[in-house]
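>>> missing the sequence, but the structure's below:
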């Protein structure tokens, strides 16, 4: 998942969606929408991307770390999120499920890349 995909997912998961995130960032929602779609002439800066991550983390959205994970992946590193104090067993299970989904995605891409070499 690239950075724009991650940010679109994060904004979609945020309570109130693009309108609420844009309001928190102090910009019209139409502008944020165009930035997220990488429309010609519109760019989303790294500070705004990080602010979206912070908003999502504060709201506890399931995709709050998607942008950070995407950036780490493109840099060739892996991040592991620290457990949240007081997390319920179901929260832990959801976290494990998300990790497994990410691992499956990586394995799929590696497999595809290996097939391209033949």
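In hand now; what should we look at? Keep in mind the model is a prediction, meaning the values are calculated, not measured.
>>> what residues are up against the closest residue to residue 34 other than its chain neighbours?
In space, and not counting its chain neighbours, residue 34 is closest to residue 42: 4.2 Å by C-beta to C-beta, 6 or more residues apart in numbering. In this view, the C-beta of every residue, glycine as well, is placed from N, C-alpha and C. Residues in contact with residue 42 (C-beta atoms under 8 Å, 6 or more residues apart in numbering) are 31, 34, 35.
>>> gap between the second one and residue 8?
Spelled out, that is residue 34. Per C-beta to C-beta, to the nearest Å, residue 34 is found 12 Å from residue 8.
>>> Over to the first one?
Distance from residue 31 to residue 8, counting by C-beta to C-beta: 15 Å.
>>> in stretch 25-34, what's buried?
Buried positions in stretch 25-34, judged by neighbour count with 16 or more other C-beta atoms under 10 Å: 25, 29, 32, 33, 34.
>>> Now do the longest helix seen in the chain, average pLDDT.
Longest helix of the chain, by residue count under DSSP state H: helix 89-116. Helix 89-116 shows a mean pLDDT of 76.
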